[in-house]
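S.K.: The following block contains a protein sequence and its predicted model.
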Amino acid sequence: MVKGVARRVIMVNSPEPKLFEQAFFLVREEAFRNGTPDQVLKEAEQIAKNCLHKQSGSPAHDIWPTVLSLFCGGGIASLIWSICIFF
């Protein structure tokens, strides 16, 4: 049981609702001392948007370094075996 704790929460609607509906941010008390509530809300919206765009990248772009490494490693291994066998 938690007693005597009050937390401020910001709820941000998702810019792309097909994946997520809402994001919730627990806000520190210092946030409202350093900025206006509108600034805090805009920062929360920006963070939600950036996080969504980072996660929604295409997996096809991530596979090319792996494929390139596989072919380079196979080529180097073949070259070493060829040198060892024929020389």
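M.R.: Nice, thanks for sending it over.

S.K.: where's residue 10, which helix or strand?
M.R.: According to DSSP states H and E, residue 10 maps onto strand 8-13.

S.K.: Can you point out the buried residues in that strand?
M.R.: For strand 8-13, the neighbour count (16 or more other CB atoms under 10 Å) marks 10, 12 as buried. In this view, the C-beta of every residue, glycine as well, is placed from N, C-alpha and C.

S.K.: Tell me where this protein has helices.
M.R.: 29-34, 37-55, 59-86 (DSSP state H).

S.K.: Reformat the ones you listed as TSV; add mean neighbour count, distance to residue 6 and mean pLDDT.
M.R.: Shown next, in TSV, are the helices of the chain (neighbours: other CB atoms under 10 Å; distance: least, CB to CB, whole Å; pLDDT from 0 to 100):
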stretch	mean neighbour count	distance to residue 6	mean pLDDT
helix 29-34	10	10	78
helix 37-55	13	16	80
helix 59-86	9	42	85
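
S.K.: what sits against the nearest residue to residue 31 once chain neighbours are set aside?
M.R.: Using CB to CB, 6 or more residues apart in numbering and skipping residues adjacent in sequence, the residue nearest residue 31 is residue 40, 5.1 Å away. Neighbour list for residue 40: 10, 27, 31, 32 [criterion: CB atoms under 8 Å, 6 or more residues apart in numbering].

S.K.: go again using 10 Å as the cut-off
M.R.: Applying CB atoms under 10 Å, 6 or more residues apart in numbering, one finds that residue 40 lies in contact with 8, 10, 25, 27, 28, 31, 32, 34.

S.K.: how near is it to residue 78?
M.R.: Distance of residue 40 to residue 78, given as CB to CB, to the nearest Å: 58 Å.
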